[in-house]
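1. Sequence below, structure please.
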Amino acid sequence: MDSQPKKLSALEAAYNVLLQAGEPLRCEEITRRMLEQNLWVTAGKTPEATVHARLCVDLKKKGTASRFVRTDKATFGLNPAVTTAPNSTPKPPRRQPSLSVASALARGKQVGGGEG
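-> Coordinates of the predicted model:
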């Protein structure tokens, strides 16, 4: 039986790091935290480049549906439009305000329920 926790993909590990950080981080910092916390394992010689490439590919493929956003050069954060809290419900869109009586009259609309 394997007692070691399952290692995450680079994107899953980056997501966890950014979720914990609560703010955008540079790729070097994301990668450092991923490795320090044993969230991700790589035999590559340039792990920062790998993480950067994976984040860029995810953004290019998914666009605004990506869980990530680029906030600056080599700096990434979480996309607030995609990464909502699990038990939160999205806010409904705001309704357009109805016309005021003065606006309705100015537009030539009949106001009130009266006839003529």
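2. so where do the strands sit in this structure?
-> 25-26, 68-72, 75-78 (DSSP state E).
3. contacts for the longest one?
-> Residues outside strand 68-72 that contact it (C-beta atoms under 8 Å, 6 or more residues apart in numbering) are 14-15, 18, 24, 55-56, 58-59, 76-79. Just so you know, the C-beta spots here come from the backbone N, C-alpha and C atoms, and that holds for glycine as well.
4. Could I get the pLDDT score of the closest residue to residue 54 other than its chain neighbours?
-> Distances taken as C-beta to C-beta, 6 or more residues apart in numbering put residue 10 closest to residue 54, at 4.6 Å, once the chain neighbours are dropped. For residue 10, the model assigns a pLDDT of 95.
5. measure residue 10 to residue 81 for me?
-> With distances taken as C-beta to C-beta, to the nearest Å, residue 10 is found 22 Å from residue 81.
6. These two: which has the busier surroundings?
-> residue 10 (21 against 12; other C-beta atoms under 10 Å).
7. Would you confirm that the more buried one contacts residue 44?
-> No. Look at residue 10 against residue 44 with C-beta atoms under 8 Å: they stay out of range, at 10.2 Å.
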